[in-house]
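[1] okay, structure incoming, though there's no sequence with it:
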């Protein structure tokens, strides 16, 4: 966890200083070429200001990230009157863990799953945002019995107690920033060459050498800047996604063991995982795509299919899975039940 936290802080600094290095090498060379004279300065980023910006960004992500996740999957807050068994399970496990009682939300979908988001503002106005939110689907509530539901709730509350839900919330900051920077750079390049391909400027310079050179300089500068932005953003997106998925993968074992200890019944969580794993392949792909919303790494069990559209630059399927194999998790829980773990 300490190593992961260190990487989460270091990667944004490395991202900024990579751009700073390119600005002072390629950028200055472009300036000198464009202006036809030497450039004697250099670009500089104040370390204190950068630290404040990075830490401020992590705080903003921590505070507003949960709201974005809940909104992306259509989660809605529910009261104890609407879902008494679910609220009772959350209350019991919270007391056992001595953890502030989190908010409870439900997603209306046949896909059986659950996840938790920590801290921050959920935008629900229920006064306990800082305790996090446990989210379950209606499909999960229909599929599991009371013991299995409590084991699932214990798994999610273990993520909150272990603080790895907090870590996953802030870990999504750099992937988000780098992704949108890469997308912006891609569309700048795409737009530029669409304009050039349409014959823009074909008859506009009429032999004016200064105008022709100005157009060439603009094209070269925009192209080089966009290509470098796209390349660097894609590199750091890949690195941050890799870190995010590895974190997601390894945190599941700890939460499984904690849930087994809390409930005293490893078999209940094992059975819940078996039911979810057996149900998932039968569900339409469109339901799985709708539930993803960028939050797949947070779920109790992985979605059977990841459906990335053509807008994705690189499919995250090239990275390690977000979860350990469900069969392996079940085997570990069965071993705990036998007293072998």
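    Here it is on my side, so go on. On a predicted model such as this, the values are computed, not experimentally measured, just so you know.
[2] please enumerate the helices of the stretch 101-250 of the chain.
    Assigned by DSSP state H, counting those that start in this stretch, the stretch 101-250 of the chain shows helices spanning 138-143, 146-161, 164-171, 173-197, 209-263.
[3] so which bits of the fourth one are buried?
    Buried positions in helix 173-197, judged by neighbour count with 16 or more other CB atoms under 10 Å: 173-179, 181-182, 185-186, 188-189, 192. The way it works is simple: take the backbone N, C-alpha and C, and place the C-beta from them, glycine included.
[4] what about the stretch 51-200 of the chain, any weak spots by pLDDT?
    119-130, 199-200 (pLDDT under 70).
[5] try 50
    125, 127 (pLDDT under 50).
[6] re earlier: now the helices of the stretch 101-250 of the chain as CSV including distance to residue 328?
    Shown next, in CSV, are the helices of the stretch 101-250 of the chain (distance: least, CB to CB, whole Å):
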stretch, distance to residue 328
helix 138-143, 21
helix 146-161, 16
helix 164-171, 19
helix 173-197, 26
helix 209-263, 9
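[7] out of the ones you listed, nearest to residue 53?
    Residue 53 lies closest to helix 173-197 among those, at 11.4 Å (CB to CB).
[8] mind giving me the packing neighbours of that closest one?
    The contact analysis (3 or more CB pairs under 8 Å, 6 or more residues apart in numbering; DSSP states H and E) places helix 173-197 against helix 2-22, helix 47-72, helix 209-263.
[9] just name the most buried of the ones you listed.
    Across the helices and strands packed on helix 173-197, averaging neighbours per residue (mean count of other CB atoms under 10 Å) puts helix 209-263 on top, at a mean of 18.
[10] chain center to that one, what's the gap?
    11 Å (CA atoms, centre = their mean, to the nearest Å).
[11] tell me what it is packed against?
    Judged by 3+ CB pairs under 8 Å, 6+ apart, helix 209-263 is in contact with helix 2-22, helix 28-35, helix 84-97, helix 146-161, helix 164-171, helix 173-197, helix 266-279, helix 326-338.
[12] re the thing from before, can you redo the helices and strands packed on helix 173-197 as JSON lines with distance to residue 329?
    Conversion of these to JSON lines gives the following (distance: least, CB to CB, whole Å):
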{"stretch": "helix 2-22", "distance to residue 329": "20"}
{"stretch": "helix 47-72", "distance to residue 329": "23"}
{"stretch": "helix 209-263", "distance to residue 329": "6"}
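[13] out of these, nearest to residue 272?
    Across the helices and strands packed on helix 173-197, residue 272 has its closest neighbour in helix 209-263 (9.4 Å, CB to CB).
[14] just the angle between the closest one and helix 2-22, please?
    Put simply, helix 209-263 runs at 180 degrees to helix 2-22, going by axes from the mean of the first three to the mean of the last three CA atoms, to 10 degrees.
[15] picking that back up, looking at the helices of the stretch 101-250 of the chain, spot the one closest to residue 295.
    Nearest to residue 295 among the helices of the stretch 101-250 of the chain is helix 164-171; the distance by CB to CB comes to 9.6 Å.
[16] now do that closest one: distance to the chain's middle.
    From the chain centre to the centre of helix 164-171 is a distance of 9 Å (CA atoms, centre = their mean).
[17] please name the nearest non-neighbouring residue to residue 105.
    The shortest distance from residue 105 to any non-neighbouring residue, by CB to CB, 6 or more residues apart in numbering, is to residue 75 (4.1 Å).
[18] wait, the one you found sits on residue 104?
    No - under the criterion of CB atoms under 8 Å, residue 75 is not in contact with residue 104, lying 9.9 Å apart.
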